[in-house]
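Peer 1: Any chance you could fold what I've pasted below:
(chains A and B)
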Amino acid sequence: MLDIQLLRSDLAGVAQRLATRGVTLDVAAFERMEASRKDIQKQTQDLQANRNQLSKQVGQAKGRGEDASALIAEVNAQADKLKALEGELTGIQGELDQFLAGIPNLPHASVAAGKSADDNVEVRRIGTPRAFDFKVKDHVDLGEALGLLDFNTAGKIAGARFSLMKGALARMHRALAQFMLDVHTQEHGYTEVYVPYLVNADSMRGTGQLPKFEEDLFKIPRQSTEVEAGADAKPRDASLYLIPTAEVPVTNMVRGEIVAGNTLPLKYVCHSPCFRSEAGSYGKDTRGMIRQHQFDKVELVQMVHPASSYVAHEELTAHAESILQRLDLPYRTMLLCTGDMGFSSAKTYDLEVWLPGQNAYREISSCSNFEAFQARRMQARFRNDKNKPELLHTLNGSALAVGRTLVAVMENYQNSDGSITVPTALRPYMGGAERIGA
RNA sequence: GGAGAGAUGGCCGAGUGGUCGAAGGCGCUCCCCUGCUAAGGGAGUAUAGGCUCAAAAGGCCUAUCCAGGGUUCGAAUCCCUGUCUCUCCGCCA
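Peer 2: Down below sits the predicted model:
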């Protein structure tokens, strides 16, 4: 969520920066709502002040044993008007909140303007794709031939976009997650956390998945026994959502908190399953385990001082890259353009790993700086030098998506006989195994 | 699932209808005193928003004592609904 003060002081500037993302800000609507809010708020507060004043006098009069009925009558005379105004104020503030919640973050100055992924900028390219002297297979052919990957059975159990791994492949999947966690905790200073995989709507709002992207989430409908007040009394919605990324529960750890300044930066790493309905991506990546309803990911999350978030962003991205380097997987780092960034992000690097089976670089990580956008929604703050609460900055990045890393290892480390060499870095996690299959 | 207790400022904790944004303590900040890893004295110390002001400072005002409703001229305090925490019992990986 953007700072409403920024919209008040520089509406045109905000609209201009949003335009680079392809978003049109309804300036007129905002100005109309603001004018209305000001007017109603002024009237409401004046009446409230008047009521408080008179009520105080009632108390004083009664204290002196005098009759206060005239004062009480005076307050009562404006009670209806006050109640109506208070209702209006709540209404207009709700409208403004909703309007504000629908506006994406402003791109950082270092982000290139662009419309789509075609305009992303390649920042660096590490490693050289291996030259194969045989016809390469993709991970589906490799895994099924080895009898270790079974999409048919997964389909029977759950449906499309689920996968089932067995034996050494399932173990390698687990090994990858363990390896990533160990590197980040032992070498990069992250604290490992285990978190809920089902979260409430407040948490989804905190990181920006709600209200705009509900269709991408798996939702478990639930009703509280609490009944909302009002004419159409209905039970309060207490639905839970499956997390689409550990970013949600981990970042929400600081929701509503004021942390001591000297505890920053907070650095967490979390291995979790992720659930995405992939609505709107029908027909995309239908083969294999590139795009699944359920996948594992090791996520890095940092809460930092605002002054250091861009340094932290570079570091976090480097932490993610280090996994690819240790696995000796060729990749490139892309700076996303304004038009291709996620809703909440001010700046994002995507890491794309080389997949021989597709003869292409494919996204395996996304590292973003959200500045105060998430923190403002969550009211996540720290005490600054002046001992005043100030919004902190949040960042996160995948390091890495485990399923896609497994795909990358399978395809890049395949041998002519259909076996897969185990990367050296993973061998300690695989009981010393050097090869899968054959 | 059953029974009970609780939720107040950074922390502890008082406050059961009026002048309470909230005593007191701790912590923190500044000043004074003290020549010393201590103690004492004084002042200050929530957040968000609105109005005023060229701006800052300042001033005035509104809201917030878990959340949402209600009663009342007036609610931290009374009533209702919920959430969470703790204790005991049951069940359970």
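Peer 1: which residues does A:Val409 contact?
Peer 2: Listed by Cβ atoms under 8 Å, 6 or more residues apart in numbering, the contact set of A:Val409 reads A:172, A:176, A:327, A:329, A:420, A:423, A:426. C-beta here means a position set from N, CA and C on the backbone, and glycine is covered the same way.
Peer 1: ok, now A:Pro221?
Peer 2: With the criterion set at Cβ under 8 Å, 6+ apart, A:Pro221 makes contact with A:Ser239.
Peer 1: mind checking how far it is from A:Gly206?
Peer 2: Taking Cβ to Cβ, to the nearest Å as the measure, A:Pro221 falls 21 Å from A:Gly206.
Peer 1: before we move on, what about A:Ser163?
Peer 2: Distance from A:Ser163 to A:Gly206, counting by Cβ to Cβ: 30 Å.
Peer 1: Over to A:Pro423?
Peer 2: Where A:Gly206 is concerned, A:Pro423 sits at a distance of 37 Å (Cβ to Cβ).
Peer 1: Comparing those two, which shows the higher neighbour count?
Peer 2: Taking other Cβ atoms under 10 Å, A:Pro423 and A:Gly206 do not tie; A:Gly206 has more neighbours (27 against 20).
Peer 1: and the helix or strand where that one lies, how far from the chain's centre?
Peer 2: Following DSSP states H and E, one finds A:Gly206 within helix A:201-207. Counting by Cα atoms, centre = their mean, to the nearest Å, helix A:201-207 is centred 9 Å from the centre of its parent chain.
Peer 1: Return the set of buried residues in it.
Peer 2: Under the neighbour-count criterion of 16 or more other Cβ atoms under 10 Å, helix A:201-207 has A:201, A:203-207 buried.
Peer 1: Return the member of those nearest to A:Glu321.
Peer 2: A:Thr207 (23.5 Å; Cβ to Cβ).
Peer 1: hang on, that closest one packs against A:Ala246?
Peer 2: No. Taking contacts as Cβ atoms under 8 Å, A:Thr207 lies outside contact range of A:Ala246: 10.5 Å.
Peer 1: how many neighbours does the closest residue to A:Pro107 other than its chain neighbours have?
Peer 2: Nearest residue to A:Pro107, sequence neighbours excluded (Cβ to Cβ, 6 or more residues apart in numbering): A:Thr338, at 4.6 Å. Neighbour count for A:Thr338, taken as other Cβ under 10 Å: 22.
Peer 1: ok, now which ones touch A:Thr338?
Peer 2: A:20-22, A:107, A:111-114.
Peer 1: again, but for A:Leu300
Peer 2: Applying Cβ under 8 Å, 6+ apart, the residues contacting A:Leu300 are A:184, A:188, A:190, A:267-269, A:316, A:319-320, A:367, A:396-399.
Peer 1: ok, 7 Å please
Peer 2: Counting by Cβ atoms under 7 Å, 6 or more residues apart in numbering, A:Leu300 touches A:184, A:190, A:269, A:316, A:319-320, A:396-397, A:399.
Peer 1: Likewise for A:Pro423?
Peer 2: With contact set as Cβ under 7 Å, 6+ apart, A:Pro423 has these partners: A:327-328, A:409, A:413.
Peer 1: one more time with 10 Å, if that's ok
Peer 2: In this structure, A:Pro423 makes contact with A:172, A:175-176, A:179, A:326-329, A:409, A:412-413, A:430, A:434, judged by Cβ atoms under 10 Å, 6 or more residues apart in numbering.
Peer 1: For the helix or strand A:Ser272 falls within, C-alpha coordinates in CSV please.
Peer 2: According to DSSP H and E, A:Ser272 maps onto strand A:266-275. The C-alpha coordinates for strand A:266-275 follow below in CSV (Å, rounded to 0.1, in the frame of the first residue of the first chain):
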residue,chain,number,x,y,z
LEU,A,266,15.9,-9.7,10.6
LYS,A,267,16.9,-12.5,8.2
TYR,A,268,14.7,-15.6,7.9
VAL,A,269,14.9,-18.7,5.7
CYS,A,270,12.0,-21.0,5.4
HIS,A,271,11.4,-24.2,3.5
SER,A,272,7.7,-24.7,2.7
PRO,A,273,5.3,-26.1,0.2
CYS,A,274,3.6,-23.5,-1.9
PHE,A,275,0.1,-23.8,-3.4
